[in-house]
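> Sequence first, predicted coordinates after that:
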Amino acid sequence: MRDKLFTLLHAHTGAAAIPLDHPDQPEHGDYASSIAMARAREEKRAPMEIAKEIKESIEQDPAFTNLLDHIEVAPPGFLNFFFSRSAIAEHIASIGARPDAWGKNSAYRGKKVMVEYTDPNPFKEFHIGHLMSNAIGEAISRIIELSGAEIKRVNYQGDVGLHVAKAVWAMDRLQKKDDEPAHVFLGRCYAFGAARYEQDETARAEITLINKQIFEKSNPQTNAYYDSGLKDSLDYFETIYQRLGTHFDEYFFESGVGPRGKTLVEQHLEDGIFEQSDGAVIYRGEKKELHTRVFITSEGLPTYEAKELGLAYIKQERWPHNLSIVVTGNEIIEYFRVVKAALADIDSTLAPRLARLAQKIAHVPHGMLRLPSGKMSSRTGEVIAANDLLDEAKKRLQEKTTDEIIAEAAAVGAVKYSILKQSAGKDIIFDFVTSLSFEGDSGPYLQYTHARARSVLERAGNPRETAGLQSPLAHPSSEMRAVERILFWFPDAIADAHDAYDPHYVAHYLFSLSQTFNAWYAKERIIGAESEAYNLALTRAVAATLKNGLWLLGIPAPERM
């Protein structure tokens, strides 16, 4: 509907950019535009005069009667558009006729987009912070994919470094309990090794040596502990991905990109991009109003920064792409700016025909996920495991439903929605009471609303025939009209989300749709009413929109709850 209105306005204004907004009040139309005010500044004329001219011009167009009931001009120069009842009925019927296509768009058609997210480190617990990255990254992947892009989901993991050495050192000193899961044992090893590294100089020296042995693969015993722990970690992570409904097309590891990053840095010492400093190699960020960071340590090892450079190049070589979206915690915002600045400097030394990698990278930082008890710390062993949070949510939901499958779907929905309903950069405190509620702004509430709509259709026999405009609908109730209006705006929510790389636009939309549908459901009879056929078509459109929207968020949409 928005596209049709845009086409009509473009034909009568010639403007390439036409603002179309959602009026808060229904008396201000289904859409409103300030195009007249924009033109008034250019033409130095009164916006009300221009708005009236546009209105009169559109009213002479044969397309007007097919799409619009009427247009109103409102001070200081707004155009308010009201869709015709026939156009609304046709739109509602089209959603039900092709539900799988509803919401798809071509904004990213022909683009290849790589999305990196989750990035848990082997030998450490998959904690609730990784749930943030996973939920946001998966939702962005689906939103961009629905917008026409070819997507490759990737996961970048730190399989080398001090955190690994700390765990490997402890694996030789702690005994795994008979009934202890491998990932729990590894988490215990990491916490023990991290503590001893801080407290014991001998342990620190031993762990430093192991770190070098891992990098060089020079010690058979160290290699054996490392290989075993790495496999156990990665196998465990896969069980969580399956639970969350996500998958990855490719995995990158620090051990694989580190050598490439080190070589890149060394190659650009002579041209002054990097420089020597006390035996290390640094990038002076101050020249770009950033801060200085080390890229190669005095021991000759590449740092995270150098590894990121190697990763950028290997990603592009492995799968040439137009855009690389990287989802991480916001604690590395400044670090990532330095990496992109260094990458841009390297880009400037290449031939113009070569890819500019820095320009292709979009960093999407997210906040911290906390429980009301406060911040977690894996370093001290007080980590809150992702599975523990999901299990606790499921346990509490089983008090409301005896169906284990539904409890699991609602638990995943509750956790993901609590993350995605906020703007990506904000910290989140997960509250069990509100997040698990079947009422209010929660994942289970959206899932329950979808199940309610499906239940109505099932009770009615789920008829597939489309509904035409009927006389009782010439003057729909305000509740029904609100449902119709908000259905127009689903593609707009998706567009906002893919433009900003922020799924909260879709989450907010789905909550508003659920509230609006439930208000209509409570006020009017759907089955047995004179307008039953249209009512069911409208309900089918709502169910399709909720299902598609929940899919975009990576949230299951049960048929019953």
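Ah, there it is. Numbers count the residues shown, from 1 in each chain.
> which parts of the top helix by length along the chain are buried?
Across the chain, the longest stretch assigned as helix under DSSP state H is helix 220-244. Neighbour-count burial for helix 220-244, counted by 16 or more other C-beta atoms under 10 Å, picks out 222, 225-226, 229-230, 232-234, 236-237, 240-241, 244. Any C-beta I mention is one placed from the backbone N, CA and C, and that applies to glycine too.
> can you list the domain ranges for this protein.
The chain breaks down into these domains under automatic domain parsing: 2-83, 117-370, 395-552.
> Can you lay out those domains as TSV showing mean pLDDT and distance to residue 108?
Converted to TSV, these look like this (pLDDT from 0 to 100; distance: least, C-beta to C-beta, whole Å):
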stretch	mean pLDDT	distance to residue 108
domain 2-83	94	16
domain 117-370	94	4
domain 395-552	91	7
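> Residue 105 is nearest to which of those?
domain 117-370 (5.1 Å; C-beta to C-beta).
> what's in contact with the longest helix of the chain?
Outside helix 220-244, the residues that touch it by C-beta atoms under 8 Å, 6 or more residues apart in numbering are 118, 120, 122-124, 126, 131, 134-135, 138, 159, 164, 167-168, 171-172, 181-183, 186, 189, 210, 213-214, 217, 247-248, 386-387, 390, 408, 412, 416, 554.
> Please apply the same query to stretch 152-161.
Applying C-beta under 8 Å, 6+ apart, the set of residues contacting stretch 152-161 is 112-122, 137-138, 141, 164, 211, 214-215, 230, 246-255, 258, 311, 315, 319, 321.
> buried subset of those?
113-122, 137-138, 141, 164, 211, 214-215, 230, 246, 248, 252-255, 258, 311, 315, 321.
> Take those and keep only those in strands.
113-116, 252-253 (DSSP state E).
> And the strands in the stretch 1-150 of the chain, which stretches?
31-33, 68-74, 78-83, 112-116, 150-157 (DSSP state E, counting those that start in this stretch).
> Now do the shortest one: which elements does it pack against?
Right, strand 31-33. helix 2-13, strand 78-83 (3 or more C-beta pairs under 8 Å, 6 or more residues apart in numbering; DSSP states H and E).
> Ok, which of those comes nearest residue 334?
Comparing the helices and strands packed on strand 31-33 under C-beta to C-beta, the one sitting nearest is helix 2-13, at 38.8 Å.
> List the buried residues in the closest one.
Under 16+ other C-beta under 10 Å, the buried positions of helix 2-13 are 2, 5, 8-9, 12-13.
> Go through those residues and say which is closest to residue 517.
residue 2 (20.3 Å).
> Distance of the closest one relative to residue 21?
From residue 2 across to residue 21, the span is 11 Å (C-beta to C-beta, to the nearest Å).
> Residue 450 against residue 546, yeah?
Yes. Counting by C-beta atoms under 8 Å, residue 450 does reach residue 546; the two are 4.1 Å apart.
> Report the set of residues contacting both of these two.
With C-beta under 8 Å, 6+ apart as the test, residue 450 and residue 546 both reach residue 557.
> about what we covered before: make a markdown table out of the ones in strands among the buried ones among the contacts of stretch 152-161 and add distance to residue 145.
As requested, those are exported to a markdown table (distance: C-beta to C-beta, whole Å):
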| residue | distance to residue 145 |
| --- | --- |
| 113 | 8 |
| 114 | 12 |
| 115 | 9 |
| 116 | 15 |
| 252 | 20 |
| 253 | 25 |
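> In ChimeraX, select just the buried ones from the contacts of helix 220-244.
Buried members of those, defined by 16+ other C-beta under 10 Å, are picked up in ChimeraX with:
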select :118,120,122,123,124,126,131,134,135,138,159,164,167,168,171,183,186,189,210,213,214,248,386,387,390,408,412,416,554
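> coming back round to it: any chance of the buried residues of helix 220-244 in a markdown table, plus distance to residue 279?
Below are the buried residues of helix 220-244 laid out as a markdown table (distance: C-beta to C-beta, whole Å):
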| residue | distance to residue 279 |
| --- | --- |
| 222 | 25 |
| 225 | 30 |
| 226 | 27 |
| 229 | 31 |
| 230 | 31 |
| 232 | 36 |
| 233 | 33 |
| 234 | 35 |
| 236 | 38 |
| 237 | 36 |
| 240 | 41 |
| 241 | 41 |
| 244 | 44 |
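> Pull out the buried positions in stretch 63-74.
Using 16+ other C-beta under 10 Å as the test for burial, stretch 63-74 gives 64, 67-69, 71, 73.
> Tell me the one of those nearest residue 286?
So of those, ranked by how close each gets to residue 286 (C-beta to C-beta), first place is residue 73, at 54.9 Å.
> From residue 252, how far off is residue 153?
12 Å.
> What of residue 282?
From residue 282 to residue 252 the distance is 25 Å (C-beta to C-beta).
> residues contacting the nearest residue to residue 428 once chain neighbours are set aside?
Leaving aside its chain neighbours, residue 428 sits nearest to residue 369 (5.1 Å; criterion: C-beta to C-beta, 6 or more residues apart in numbering). With contact taken as C-beta under 8 Å, 6+ apart, residue 369 is in contact with 128-129, 131-132, 419, 427-428, 430.
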